[in-house]
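> Sequence and predicted structure are below.
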Amino acid sequence: MVLPFKERLQAINPEFETFESLQTLQVNLGNLCNLHCSHCHVDASSSGAEIMGAEVMEQITLFLACHPTLTLDITGGCPEMNPNFRKFIERTGGLTPHRLLRSNLAIMAEPGWKWLPEFCRSHELTIIGSLPCYLEENVDHQRGDGVYQKSIQVLKRLNSLGYGSEVELNLVYNPGGDFVSGKQAELEVAYKEELSARHGIVFNHLFTITNAPIGRFREHLEADGTYTEYLRLLAGRFNPETAGNIMCRTLISVDWLGKVYNCDFNQALMMPVMADDGSEIFISELDERDIRGKKILLSQHCYCCTAGEGSSCTGALVG
């Protein structure tokens, strides 16, 4: 039996289950994607039909204009494949000091999409690229045949444009199975050494992100009969030092319809932030004052964020 995550958090400090202050607006542009990754928690694929439209993007733009200190974190699916991606980037320019683009990298090597590296550079987007390993076999096993070589090709192109030196380029490591990653600092050193030696590639930081037991990864665990075992592993690696730093205390996630969630995992599970009257909250009506101090919607999947060194969209929570 795994103790409810909420009880573990409350036992440390009841304040840790409440929203503190909005620092990052994470926007999911939809579940359309050129890849079909085994660990994907949003079930993204080439048949994804949940695609954010221009009207919701405009509501987000208006929200950012009223909150000029926020970080804009753009994700998917493959966010670049949203038909309004270019316009969204152009409209949000100058509205926020930091814009992050979460890319699977391989899209930038596909026919019809090779304009992306230059476009991202011209708009000074920080790129957070998924590369679950520095070994080809492991990447292709998790993401599909040929993805590693495409990713390496794109990373070289990004380096040539100044990414990794003049503009921030970060990579993401996801475990290749039902285990918790090793120490982020040690993995970063290994990544930098291997990618430099093998391909002459440089980057700024490596983020380790634990696989959430939801979506496609949960289906894989259940098919293998290891879902409960994995949940026990995460709960057994619960680190109290990570509790106060969980990302849902300072981040709000917005889905393709404009609905607001505590995080992208809750979004995948359709657990939206609710108003006091029980209605769903949309970005067009979001007022940070109404959600500050509001309790976060927690469940067992939250153990993935507090296992080991912790996990968030920007990697480990403790060193």
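Good, I have the coordinates. Computed from a predicted structure; not experimentally measured.

> Neighbours of residue 107, how many?
Burial of residue 107 is recorded as 22 neighbouring residues (other Cβ atoms under 10 Å). Placement of C-beta: from N, CA and C, glycine included.

> Using the three-state scheme, assign it.
Put simply, residue 107 is helix when judged by DSSP: H, G, I helix; E, B strand; the rest coil.

> Could you double-check that it sits in contact with residue 113?
Yes - between residue 107 and residue 113 there is a contact at 5.3 Å, judged by Cβ atoms under 8 Å.

> can you list residues touching both of the two?
Common neighbours of residue 107 and residue 113, using Cβ atoms under 8 Å, 6 or more residues apart in numbering, are residue 80.

> mind showing which ranges of the chain have poor pLDDT?
Counting by pLDDT under 70, the chain contains no low-confidence residues.

> Would you tell me which helix is longest in it?
Scanning the chain for the helix with the most residues, using DSSP state H, yields helix 184-199.

> That one - contacts with which helices or strands?
helix 147-160, strand 169-173, strand 205-208 (3 or more Cβ pairs under 8 Å, 6 or more residues apart in numbering; DSSP states H and E).

> what's the angle from it to helix 147-160?
Orientation check (axes from the mean of the first three to the mean of the last three Cα atoms, to 10 degrees): helix 184-199 against helix 147-160 gives 90 degrees.

> circling back to that earlier point, most tightly surrounded among the helices and strands packed on helix 184-199?
Mean neighbours per residue, mean count of other Cβ atoms under 10 Å, is largest over the helices and strands packed on helix 184-199 for strand 169-173, with a mean of 23.

> and stretch 289-307, which residues are buried?
By 16 or more other Cβ atoms under 10 Å, the buried positions in stretch 289-307 come out as 291, 294, 296-298, 300-307.

> May I have the longest helix of the chain as PDB, with CA atoms only?
This file holds the C-alpha atoms of helix 184-199, laid out as PDB (Å, rounded to 0.1, in the frame of the first residue of the first chain):
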ATOM      1  CA  GLN A 184      21.600  15.300 -12.600                       C
ATOM      2  CA  ALA A 185      25.000  16.900 -12.200                       C
ATOM      3  CA  GLU A 186      26.800  13.600 -12.900                       C
ATOM      4  CA  LEU A 187      24.600  12.900 -15.900                       C
ATOM      5  CA  GLU A 188      25.200  16.400 -17.300                       C
ATOM      6  CA  VAL A 189      29.000  15.900 -17.200                       C
ATOM      7  CA  ALA A 190      28.600  12.500 -19.000                       C
ATOM      8  CA  TYR A 191      26.300  14.000 -21.600                       C
ATOM      9  CA  LYS A 192      28.700  16.900 -22.300                       C
ATOM     10  CA  GLU A 193      31.700  14.700 -22.500                       C
ATOM     11  CA  GLU A 194      30.000  12.100 -24.800                       C
ATOM     12  CA  LEU A 195      28.300  14.600 -27.100                       C
ATOM     13  CA  SER A 196      31.400  16.700 -27.500                       C
ATOM     14  CA  ALA A 197      33.700  13.700 -28.200                       C
ATOM     15  CA  ARG A 198      31.300  11.900 -30.500                       C
ATOM     16  CA  HIS A 199      29.800  14.900 -32.400                       C
END
